[in-house]
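> Just a sequence and a predicted model for now, questions to come.
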Amino acid sequence: MHAQGENDSAQHIAAARRGAWISLDGIDPRSLERHLGFVTRLRDAGLLDRVLISQDAGWYDVGQSSGHMSRSYEVLFTDFLPALRARDFGEAEIDTLLVRNPAKAFAVSVRTTR
């Protein structure tokens with residue numbers, strides 16, 4: 001689910017408390033403050049370990065000559081991460097967002113039921 005489509009952070013928090021991953025996609029310069037707000041509110045609720053972030057850039061259109069790249073791949077690193085640090089996100093929290101959470105979310109595991 002693209003959770004950034006939901007304006008009410010209380011909905012994000014409620015879903016994360018139930019164990020859902022809150023996937024905040026589409027980070028770009030125009031949405032920077034909105035995404036920062038979502039991530040900050042989830043952190044403040046103690047739910048940073050349920051957040052996935054993405055900028056969803058680099059669309060390829062086979063109908064365009066040379067594919068027509070619509071956005072660069074760097075906004076996450078050039079804009080979003082510095083803005084998180086300016087909001088007092090520590091390196092461990094950034095590591096949670098960029099390394100730990102994706103590793104957990106995309107891990108293959110075996111579930112057993114009894």
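Looks like it came in fine. Keep in mind that what you see is a predicted model, and the values were worked out from it rather than measured.
> Can you show me the strands along the protein?
Under the criterion DSSP state E, the chain contains strands at 22-24, 51-53.
> gap between the first one and the chain center?
The reference is to strand 22-24. 5 Å (CA atoms, centre = their mean, to the nearest Å).
> Let me know whether Leu76 touches Asp56 as I believe.
No. Here Leu76 does not reach Asp56: they are 10.0 Å apart, not a contact under CB atoms under 8 Å. Where C-beta positions appear, they are placed from N, C-alpha and C, glycine not excepted.
> if I look at those two, which residues touch both of them?
Common contacts of Leu76 and Asp56 (CB atoms under 8 Å, 6 or more residues apart in numbering): Ile27.
> Name the residue in those two with the higher neighbour count.
Per other CB atoms under 10 Å, whichever of Leu76 and Asp56 has more neighbours is Leu76, with 18 against 14.
> Now do the same contact list for that one.
Ile27, Ile53, Ser54, Gln55.
> rerun at 10 Å
Leu76 is in contact with Ile27, Asp28, His35, Ile53, Ser54, Gln55, Ala57, Leu97, Leu98, counting by CB atoms under 10 Å, 6 or more residues apart in numbering.
> taking the residues you listed one by one, which sit in helices?
Among the contacts of Leu76, DSSP state H puts His35 in helices.
> ok, of the contacts of Leu76, which come out buried?
Ile27, Asp28, His35, Ile53, Gln55, Ala57, Leu97 (16 or more other CB atoms under 10 Å).
> Quickly note the distance from the first one to Val110.
Ile27 sits at a distance of 33 Å from Val110 (criterion: CB to CB, to the nearest Å).
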